[in-house]
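1. sequence isn't available, so here's the structure alone:
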Ligand code: UTP
């Protein structure tokens, strides 16, 4: 079985839910505490053994490419000022030379189309997909959990999270089969079912391990929900053809593509950081947990 070495990060979406912040700043570059959202996904992939990072970007997303490059002037200035801790921190988060690859999705035709845009770089091997606006915080990371499951079963795998039944209409939902060794067989995938019609409450959280055969399915995939080419629809066509399993996420998930999820992630991750938590807690305490501001 081929190991998972490559990860695709679809980052060509318009981020309309967080406008106007995303009018000129990429959603993926908005900071969670002190690093851009995209950095958390890259770190999660690296912790899972990924060594090739493929970003499917679009126009106006240049800052993502710059973030993963050397910043010559900044680093030269830091060197001259003897700021070695800051220099080390920048070096630690940077992919190695040639490890980050950027390809453009020319039109935002949907997540499935974005993944298809990476086909020539992925080639004939299984690969991971991470949607960076879903921040999953925990150890092991969600991608590491998928890669470990792939080592056992091969085939296609999706991370899932149990959600309240009334929320199924907003997400891709698994039609589950048998559960064995902590994994559930996937019998079907339904995009945004009404609560009464949802086959389960297992929601897809934006982490996938896919076989390269997905590209042939995406090639002729017709537009689905929202008139977009949906990854879920193409994945559903591999069920019954290849093994397909759902793996529960053990980390804490934040939907940073929504304003409330983005704010909650900032607070939660700030409180989880030993270098920031004491000051943050003191501020919250000082405010008596009353954070009302006049607007
Ligand atoms: P979303 O559904 O969150 O869409 O895409 P979006 O455009 O990013 O944000 P909203 O809904 O308008 O606020 C899920 C993931 O798929 C990527 C996005 O960048 C995000 O990571 N995507 C979506 C693409 O790369 N291309 C597309 O055509 C659509």
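-> All right, it came through fine. What you see is a predicted model; the values in this text were computed from it and never measured.
2. neighbours of the residue of the stretch 1-150 of the chain found nearest the ligand, how many?
-> Nearest to the ligand, among the residues of the stretch 1-150 of the chain, is residue 13, at 2.3 Å (CB to the nearest ligand atom). In this view, the C-beta of every residue, glycine as well, is placed from N, C-alpha and C. Residues within reach of residue 13, counting by other CB atoms under 10 Å, total 24.
3. excluding chain neighbours, what is closest to it?
-> residue 108 (6.1 Å; CB to CB, 6 or more residues apart in numbering).
4. show me the contacts for that neighbour.
-> By CB atoms under 8 Å, 6 or more residues apart in numbering, residue 108 lies in contact with 12-14, 58, 114.
5. mind giving me the PyMOL select for these, buried ones only?
-> Selecting only the buried entries of the contacts of residue 108 in PyMOL, with 16 or more other CB atoms under 10 Å as the criterion:
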select buried, resi 12+13+58+114
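6. quick one: which of the contacts of residue 108 is nearest residue 193?
-> residue 13 (22.4 Å; CB to CB).
7. wouldn't the closest one be in contact with residue 28 here?
-> No - contact criterion CB atoms under 8 Å: residue 13 and residue 28 do not qualify, at 9.0 Å.
8. got any residues that touch both of those two?
-> residue 133.
9. quick check on the residue most central in space within the chain: phi, psi?
-> Closest residue to the average C-alpha location of the chain: residue 131 at 2.6 Å, with CA atoms, centre = their mean. When read as degrees, to the nearest 10, the backbone of residue 131 gives phi -90, psi 110.
10. test my guess that it contacts residue 10.
-> Yes - using CB under 8 Å, residue 131 is in contact with residue 10, at 6.5 Å.
11. near the ligand, which residues of the stretch 1-150 of the chain show up?
-> The stretch 1-150 of the chain has residues 10-17, 27, 56, 105, 108-111, 113-114, 131-133 near the ligand, with proximity defined as CB under 6 Å from any ligand atom.
12. buried residues in stretch 210-224?
-> 210-211, 213-215, 217-218, 221, 224.
13. now render the residues you listed as TSV, adding pLDDT and distance to residue 188.
-> Formatted as TSV, the buried residues of stretch 210-224 follow (pLDDT from 0 to 100; distance: CB to CB, whole Å):
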residue	pLDDT	distance to residue 188
210	98	17
211	98	18
213	97	18
214	98	16
215	98	21
217	97	15
218	97	18
221	93	16
224	88	14
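14. so which of those sit within strands?
-> residue 210 (DSSP state E).
15. what's the most distant pair in the buried residues of stretch 210-224?
-> 211 and 224 (20.5 Å).
16. format the buried residues of stretch 210-224 as TSV; extra columns: distance to the ligand.
-> Below are the buried residues of stretch 210-224 laid out as TSV (distance: CB to the nearest ligand atom, whole Å):
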residue	distance to the ligand
210	15
211	20
213	21
214	15
215	16
217	17
218	12
221	13
224	12
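17. closest to residue 121 among the buried residues of stretch 210-224?
-> Once CB to CB is applied, the member of the buried residues of stretch 210-224 that ends up nearest residue 121 is residue 215, at 11.1 Å.
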